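> Any chance you can model this:
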Amino acid sequence: MNTKNTDNPEKKVIKTTRQKVTRIEWNETLSPKDIEHLEHLVDAIQSLWLEEFIEYIKSPWKLLWPNFVAGIARGFWALVWATAVIAIVTWTLSTMIDIPLIGKKLEPYVVKVQWEFNKYIEQTNYKTHFENIEKTLVDIKGILNTTNRENILPSSSNQ
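You can find the predicted model right below:
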């Protein structure tokens, strides 16, 4: 039967470091100041959150989810700032049209945009179509009224 050691590698590192410090203390080859320095070093390693960092790297979901949320947030703010920049540029260009030297250079572009916009409006003008539909609906309503009267009148005269 294959048994896995359930201790985390970072806990093993800390445990073995503590054991080495203890062995060094028993050996008494180091001064108490050096031993204290080693203990502070072990405490510093523990304070680095090495255990949590290794767990974070081991689990793909712990890596994917924060990065996904961060990507959504970055994309949202990029969209907001791009919209703001485009609005500012558009507003600046619209104010420059009134400036004598720059306005003359931008005028052909403004005329072209207005011409394209008017062309689009004329192409999508459905006024005649709506008038034809309205006329057809009025005709249908008249036909329905006359057929209803014909059906009602004979039945009322028979009674």
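
> pLDDT of the strand or helix carrying Glu51, averaged?
Per DSSP states H and E: Glu51 is located in helix 50-58. Across helix 50-58, the average pLDDT comes to 77.

> Return that helix as CSV; C-alpha atoms alone will do.
What follows is helix 50-58, C-alpha atoms only, in CSV (Å, rounded to 0.1, in the frame of the first residue of the first chain):
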residue,chain,number,x,y,z
LEU,A,50,5.2,30.6,2.2
GLU,A,51,2.6,28.0,3.0
GLU,A,52,-0.3,30.1,1.6
PHE,A,53,1.7,31.0,-1.4
ILE,A,54,2.4,27.3,-2.3
GLU,A,55,-1.3,26.4,-1.8
TYR,A,56,-2.2,29.4,-4.1
ILE,A,57,0.2,28.1,-6.8
LYS,A,58,-1.0,24.5,-6.5
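
> Low-confidence regions, the protein specifically.
1-30, 102, 153-159 (pLDDT under 70).

> Grab the longest helix from it for me.
helix 60-96 (DSSP state H).

> Can you name the next helix or strand after that one?
Next element after helix 60-96 (DSSP H and E): helix 100-123.

> Please state the offset of the helix or strand that comes right after that next one from the chain centre?
Toward the C-terminal end, the helix or strand that comes next after helix 100-123 (DSSP H and E) is helix 127-158. In terms of Cα atoms, centre = their mean, to the nearest Å, the centre of helix 127-158 is set 54 Å apart from its chain centre.

> Same question for stretch 104-122.
Relative to the chain's own centre, stretch 104-122 is displaced by 34 Å; criterion: Cα atoms, centre = their mean.
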